[in-house]
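# Below: sequence and its predicted model.
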Amino acid sequence: MGHVTATILDGKATRDEIFEDLKVRVSALKDKGITPGLGTVLVGDDPGSAAYVRGKHNDCAKVGITSIRRDLPADITQEKLDATIDELNANPDCTGYIVQLPVPKQLDENAALERIDPDKDADGLHPVNLGRLVLGKEAPLPCTPRGILHLLRRYEVPIEGAHVVVVGRGVTVGRPIGLLFTRRSENATVTLCHTRTRDLGAEVRRADIVIAAAGVPGLVTADMVKPGAAVLDVGVSRTEDGLRGDVAADVAEVAGFLSPNPGGVGPLTRAFLLTNVVERAERVAASLG
Ligand SMILES: NC(=O)C1=CN([C@@H]2O[C@H](COP(=O)(O)OP(=O)(O)OC[C@H]3O[C@@H](n4cnc5c(N)ncnc54)[C@H](OP(=O)(O)O)[C@@H]3O)[C@@H](O)[C@H]2O)C=CC1
Ligand SMILES: Nc1nc(=O)c2c([nH]1)NC[C@@H]1CN(c3ccc(C(=O)N[C@@H](CCC(=O)O)C(=O)O)cc3)C=[N+]21
Ligand SMILES: [Mg+2]
């Protein structure tokens, strides 16, 4: 590989800073008699999904959040999944929770997401919370988009007035990051690209900030990147050579800032999942006076 010019946006170091802050806040909540709890619902035995869920519970242990695991067999019925969601909605130990995606084909993913109590939606992906984001009302924010914004601010990458090109319009990353970047608090100009985009290279070349969230290994190549641009590699693919991001290695020779994969946005996705849980616990504590 050639000469790396990009400043690396270090997701692990930034995650550690967030965890230090969360530890203090969790300990203050415990002093008031409130212990935040994160629930996970994992359906089936996909090794990748199981590893993500394990990672989330390891993170909980680091900051003092209680872990609540609901692991269900792959062949479960919708009724059983619904019953698990209802139980977590009612469970006072569970401050917030997620249903790990994807779920097996016989299950209705959107029906499951809609059944989550919007106040307990740690992913920020419930339709009510996405609606609140559109309307500019306070709500739990989607974790990966929040992680992306935090990383850019942490390294002082200019956002106001910047042209952001997002590759992907998926519900977890591309669509909500467009909503965040165009808020009056961010003021970026956003282009969302997808499989029907006529000339992806031409779009990406105009970008000051590139968010690669398609899940296609090496999709964003050095020739598509404006020298000095910030490039964030978010997409993940499982290939024969292991996990691969969406950004080709030689982009590090052209970009001004690079969020690598692994070691970039992934750890922050998990940090903001815990942040959403702590924020809800703080709201509950405030309402108790
Ligand atoms: N690192 C992290 O923390 C996280 C990473 N991820 C990863 O981010 C990626 C995006 O996830 P999600 O938001 O759920 O999106 P989806 O996986 O649901 O959708 C992928 C999007 O990428 C677009 N796309 C696919 N191929 C191309 C291509 N060749 N050119 C242009 N666009 C393309 C699709 O276009 P179309 O709509 O036309 O099909 C679609 O909009 C996934 O790889 C996921 O695993 C997700 C969450 C967290
Ligand atoms: N309801 C739901 N919410 C999600 O947020 C969600 C989901 N389902 N399904 C799958 C995707 C993918 N995703 C990742 C989270 C962390 C890393 C991560 O931490 N990655 C590390 C490497 C792995 C590790 O260190 O364990 C890194 O990038 O450095 C990656 C990917 C969340 N997703
Ligand atoms: Mg998806």
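Arrived safely. Numbers count the residues shown, from 1 in each chain. Ligands and ions are numbered 1, 2, ... in the order given.
# What sits closest to residue 115 if chain neighbours are left out?
Counting by CB to CB, 6 or more residues apart in numbering, residue 85 is the residue found nearest to residue 115 once chain neighbours are left out, at 4.7 Å. In short, each C-beta sits where N, CA and C put it, glycine included.
# wait, what's in contact with residue 151?
9, 11, 14, 232, 259, 264-265, 268 (CB atoms under 8 Å, 6 or more residues apart in numbering).
# Tell me the secondary structure at the residue lying closest to residue 99 once chain neighbours are set aside.
For residue 99, ignoring the flanking residues on the chain, the nearest one in space by CB to CB, 6+ apart is residue 41 at 4.5 Å. Following DSSP: H, G, I helix; E, B strand; the rest coil, the label given to residue 41 is strand.
# wait, does the longest helix along the chain make contact with ligand 1?
Of all segments of type helix in the chain, defined using DSSP state H, the longest is helix 265-288. Yes: Helix 265-288 reaches ligand 1 (CB under 6 Å from any ligand atom) through 265-266, 269.
# Let me know the distance separating residue 210 from residue 87.
42 Å (CB to CB, to the nearest Å).
# Neighbour count: those two, which is higher?
When neighbours are counted by other CB atoms under 10 Å, residue 210 and residue 87 differ, and residue 210 comes out ahead with 31 against 14.
# mind checking how far the helix or strand hosting that one is from the chain centre?
Assessed by DSSP states H and E, residue 210 sits inside strand 209-212. Chain-centre distance of strand 209-212: 15 Å, with CA atoms, centre = their mean, to the nearest Å.
# Just the buried positions in stretch 180-188, please.
180-181, 186, 188 (16 or more other CB atoms under 10 Å).
# one step back: is the strand holding residue 210 positioned near ligand 1?
No: Strand 209-212 lies out of reach of ligand 1 by CB under 6 Å from any ligand atom, never closer than 8.5 Å.
# Quick check: mean pLDDT of that strand?
Taken as a whole, strand 209-212 carries a mean pLDDT of 99.
# Say whether ligand 2 is contacted by it.
No: using CB under 6 Å from any ligand atom, we find that strand 209-212 stays clear of ligand 2, coming within 13.0 Å at best.
# all helices in this structure, in order from the N-terminus.
Under DSSP H, the chain gives helices at 11-31, 47-63, 78-90, 109-115, 127-135, 143-154, 174-181, 200-205, 265-288.
# what's around the closest residue to residue 281 other than its chain neighbours, how many residues?
Nearest non-adjacent residue to residue 281, counting by CB to CB, 6+ apart: residue 36, 4.0 Å away. The local packing of residue 36 (other CB under 10 Å) involves 27 other residues.
# ditto for the one 3 residues further on
Applying other CB under 10 Å, we find 26 residues neighbouring residue 39.
# Tell me who's in contact with the residue nearest to it when sequence neighbours are not counted.
Counting by CB to CB, 6+ apart, residue 39 lies nearest to residue 97, which is 3.0 Å off, once chain neighbours are set aside. For residue 97, the contact set (CB under 8 Å, 6+ apart) comprises 38-41, 68, 88, 116, 120, 122.
# Which residues of the stretch 101-250 of the chain lie near ligand 1?
Near ligand 1, when you scan the stretch 101-250 of the chain using CB under 6 Å from any ligand atom, you find 144, 167-174, 193-197, 200, 213-216, 219, 234-236.
# When you filter those down to buried only, what's left?
144, 167-170, 172-174, 193, 197, 200, 213-216, 219, 234-236.
# Excluding covalently adjacent residues, which one is nearest to residue 138?
Counting by CB to CB, 6+ apart, the residue nearest residue 138 is residue 132, at 7.1 Å.
# My read is that that neighbour contacts residue 126, right?
No: the criterion here is CB atoms under 8 Å, and residue 132 misses it with residue 126 at 9.3 Å.
# that older thread, if you compare the helices of the chain, which one is most tucked away?
helix 143-154 (a mean of 23; mean count of other CB atoms under 10 Å).
# export that one as CSV, just CAs?
C-alpha atoms of helix 143-154 as CSV (Å, rounded to 0.1, in the frame of the first residue of the first chain):
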residue,chain,number,x,y,z
CYS,A,143,-27.2,5.0,16.9
THR,A,144,-25.0,4.7,13.8
PRO,A,145,-26.0,8.1,12.5
ARG,A,146,-25.4,9.6,15.9
GLY,A,147,-22.0,7.9,16.0
ILE,A,148,-21.1,9.3,12.6
LEU,A,149,-21.9,12.9,13.6
HIS,A,150,-20.1,12.5,16.9
LEU,A,151,-16.9,11.3,15.2
LEU,A,152,-16.9,14.1,12.7
ARG,A,153,-17.4,16.7,15.5
ARG,A,154,-14.7,15.1,17.7
